[in-house]
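*Asks:* Give the three-dimensional model of this entry:
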Amino acid sequence: MARDKRRHETWVKRFKSGKGKVKDLPPNYDFCEAFPRERTGYPDIRYRPDMGTGTFEMRINDTAPLDIVLAQAGLVLGYANKIMLNNIPVEITKVDGAYQFDRERIILPAEETLGRITAQAIAHGLEKPLVRAYLRAIEEFAKEGLPRKEQHYLAPFCKMLDSGENVATQILNYLGHKERYSPAEAAAANGFVWELHQQAVERLREKNGLL
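*Replies:* So this is what the prediction gives:
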């Protein structure tokens with residue numbers, strides 16, 4: 001929320017200076033009404049006070065079982081906490097293959113490095129050591145930004161990085177590797193992911209003493 005506040009103040013200041021104005025605005029145009037703080041871009045974690053009694057929205061998820069979604073939330077929250085609460089500087093390197101995630105500074109990989117990691121992840125999931133090493137560095141950094149009692153939410157990520165298998169790998173192992181799948185097999189894949197989700201829900205309920 002502090003980050004969103006700073007971003008919004010920057011937008012308002014720029015608009016009022018005249019640099020951000022556009023032509024033919026309607027009479028009595030109110031910039032802050034048109035662009036409230038929660039609409040200042042699309043950060044990883046977005047505060048939405050107008051939804052229910054107020055909630056936080058993550059904009060990175062595809063459909064996944066509950067434990068994976070919670071792990072993603074923990075990852076994003078952890079690294080956001082770590083960076084913002086410690087004012088860690090973030091930079092992008094030009095050195096191919098280099099990156100760093102620690103309390104001194106964050107060095108994001110060069111475009112060609114990130115492109116190579118991304119290409120391997122798209123083609124092979126978590127099978128390649130290069131992909132796992134990069135994600136492991138982020139996971140370990142994010143873990144330090146979570147309270148000890150919440151660090152367990154990252155366990156599904158640790159398990160995937162250890163095994164080199166993600167949910168997509170599990171689906172393919174369940175269906176068998178083919179070039180094409182029938183509608184019935186697609187429905188079976190949906191049912192398989194639903195079962196993973198239900199199992200994750202039950203584990204969470206049990207852990208929180210809700211059973």
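
*Asks:* Please make it C-alpha for all contacts and neighbour counts, starting now.
*Replies:* Noted.

*Asks:* Would you mind finding the longest helix in this structure?
*Replies:* helix 183-207 (DSSP state H).

*Asks:* Which residues does that one contact?
*Replies:* Helix 183-207 is contacted by residues 64-67, 171, 174-175, 211 when judged by CA atoms under 8 Å, 6 or more residues apart in numbering.

*Asks:* can you check stretch 102-121 too?
*Replies:* Against stretch 102-121 from outside (CA under 8 Å, 6+ apart): 82-83, 86, 88-101, 127-128, 130-131, 141.

*Asks:* Among the residues you listed, which are located in helices?
*Replies:* 82-83, 130-131, 141.

*Asks:* Looking at these, which is nearest residue 165?
*Replies:* For those, the residue nearest residue 165 by CA to CA is residue 131; the value is 11.9 Å.

*Asks:* and the gap between the closest one and residue 89?
*Replies:* 24 Å (CA to CA, to the nearest Å).

*Asks:* higher neighbour count, the two?
*Replies:* residue 131 (21 against 12; other CA atoms under 10 Å).

*Asks:* ok, now which ones touch the more buried one?
*Replies:* 117-118, 120-121 are the contacts of residue 131 under CA under 8 Å, 6+ apart.

*Asks:* Using ChimeraX, make a named selection holding only the buried ones among these.
*Replies:* Those of the contacts of residue 131 that count as buried under 16 or more other CA atoms under 10 Å are selected in ChimeraX with:
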select :117,120,121
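
*Asks:* and the contacts of residue 131 as CSV, adding secondary structure and pLDDT?
*Replies:* Listed next are the contacts of residue 131 as CSV, based on DSSP: H, G, I helix; E, B strand; the rest coil; pLDDT from 0 to 100:
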residue, secondary structure, pLDDT
117, helix, 97
118, helix, 95
120, helix, 96
121, helix, 94
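
*Asks:* which regions of the protein lie under the pLDDT threshold?
*Replies:* Scanning the chain for pLDDT under 70 picks out 19-23, 40-44, 59-62, 210-211.

*Asks:* now the helices: where do they sit in it?
*Replies:* Using DSSP H, helices in the chain cover 2-16, 31-34, 66-85, 111-124, 129-143, 155-163, 167-175, 183-207.

*Asks:* can you list the ones you listed in CSV and add distance to residue 25?
*Replies:* As requested, the helices of the chain are exported to CSV (distance: least, CA to CA, whole Å):
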stretch, distance to residue 25
helix 2-16, 12
helix 31-34, 10
helix 66-85, 36
helix 111-124, 39
helix 129-143, 43
helix 155-163, 48
helix 167-175, 48
helix 183-207, 48
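
*Asks:* hang on, the earlier thing: which parts of the longest helix of the chain are buried?
*Replies:* 189, 192-194, 196-197, 200, 203-204.

*Asks:* Same question for stretch 90-110.
*Replies:* 93, 99-102, 106-110.

*Asks:* do the same with stretch 48-66
*Replies:* Quick answer for stretch 48-66 (16+ other CA under 10 Å): 58, 65-66.
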